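S.K.: Kindly generate the corresponding structure for this input.
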Amino acid sequence: MMARNRTEELKIVFALSDLADPKGNMLVNGGVTSYPRATSIGYLDALHLLIEAMRTLSIDTTFLEGGHAISAEALLKRIEQRGTWAHIETAELFFQFEVVGAFDHAYITVTELSAGAAGDWGNWVKPFLALDGFVQAWGVDVQYNYWQNVRDPVEYQIFGRNYSHLPMRSNGLLSSVQRMEIDISGNPGRWMLRTGYVESVGAVMWLGERFWARVGQIRKRFLNVAEWLCVTEPAKGIVQIRASDRCFVGEDTASTQVRLRALLYG
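M.R.: Model prediction:
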């Protein structure tokens, strides 16, 4: 694998379970109390798999909690007691576990805090591919992904970035809270939450059967004639597509991203 000089991020999407999560916050609707649905990959199981990937890559498994170092074993015990986790980190990696109940999925994000800290993303994804709830995974350049998806002009002002050339549109809210925001709908690197999956593109993507069930099985067959892509099957029922050896980072990759998005989502 070529050395990286920019930080990257991996997102792994998986389905929700049909079962309720008794550790979740209760939902009350019309006097009926219920629990949110559980994730198909449990919080503790997910952390075990992440730590497994770190050890495979010889990455230090010392975590940080409240500014203090904590071993992987001690962290696992704490998560087992709590039942959930949202954010954890090491000196060079940041992990997030997010449930998006309204869109029928959840995801794990692994973000590098220093370039190349995560090593080969394929080793991170591999333990998740055999799980029934796996939907998709892909890697992105941290900075490029961030600015491709920023809607609030204040973000540009804070970082001293010019946005006068960018298209704007109303946020569509009531007049009391209506304001103009940056229109990212034409950005090649945008991502959008969809029911059961995330509409996104990456230089390398791993796509499971649940993904194709959402976007349409015919799109899977389109890959057979996409000679500009490297298509492999790293595990049963999993398609890996590679559009580039490097994460997308600029306008020179825009046409490839647009082409890939059209192929996968129409």
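S.K.: which is the next helix or strand following the longest helix seen in the chain?
M.R.: Longest helix of the chain, by residue count under DSSP state H: helix 43-56. Helices and strands here follow DSSP states H and E; after helix 43-56, the next one along the chain is strand 63-65.
S.K.: Name the nearest residue to I238, ignoring sequence neighbours.
M.R.: Leaving out its chain neighbours, the residue that sits closest to I238 by CB to CB, 6 or more residues apart in numbering is L129, at 5.0 Å. Every C-beta, even on glycine, is put in place using the N, C-alpha and C of the backbone.
S.K.: mind giving me the domain ranges of this protein?
M.R.: 8-25+34-149+184-265, 152-183 (automatic domain parsing).
S.K.: Make TSV from the ones you listed and add mean pLDDT and mean neighbour count to it.
M.R.: Output for the domains of the chain, formatted as TSV (pLDDT from 0 to 100; neighbours: other CB atoms under 10 Å):
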stretch	mean pLDDT	mean neighbour count
domain 8-25+34-149+184-265	95	17
domain 152-183	94	11
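S.K.: need the contact list for the residue nearest to I51 when sequence neighbours are not counted.
M.R.: Closest residue to I51 apart from its sequence neighbours, by CB to CB, 6+ apart: A72 at 5.0 Å. Contact partners of A72, counting by CB atoms under 8 Å, 6 or more residues apart in numbering, are I51, M54, T61, T62, F63.
S.K.: Grab the two from those residues that are most spread out in space.
M.R.: Based on CB to CB, the longest span within the contacts of A72 runs between I51 and T62 and measures 11.0 Å.
S.K.: tell me how far the ends of stretch 225-233 are from each other?
M.R.: 16 Å (CA to CA, to the nearest Å).
S.K.: With stretch 100-111 instead?
M.R.: 19 Å.
S.K.: Can you add distance to H165 and give the contacts of A72 back as a markdown table?
M.R.: As requested, the contacts of A72 are exported to a markdown table (distance: CB to CB, whole Å):
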| residue | distance to H165 |
| --- | --- |
| I51 | 45 |
| M54 | 42 |
| T61 | 45 |
| T62 | 45 |
| F63 | 42 |
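S.K.: With that, I have no additional questions.
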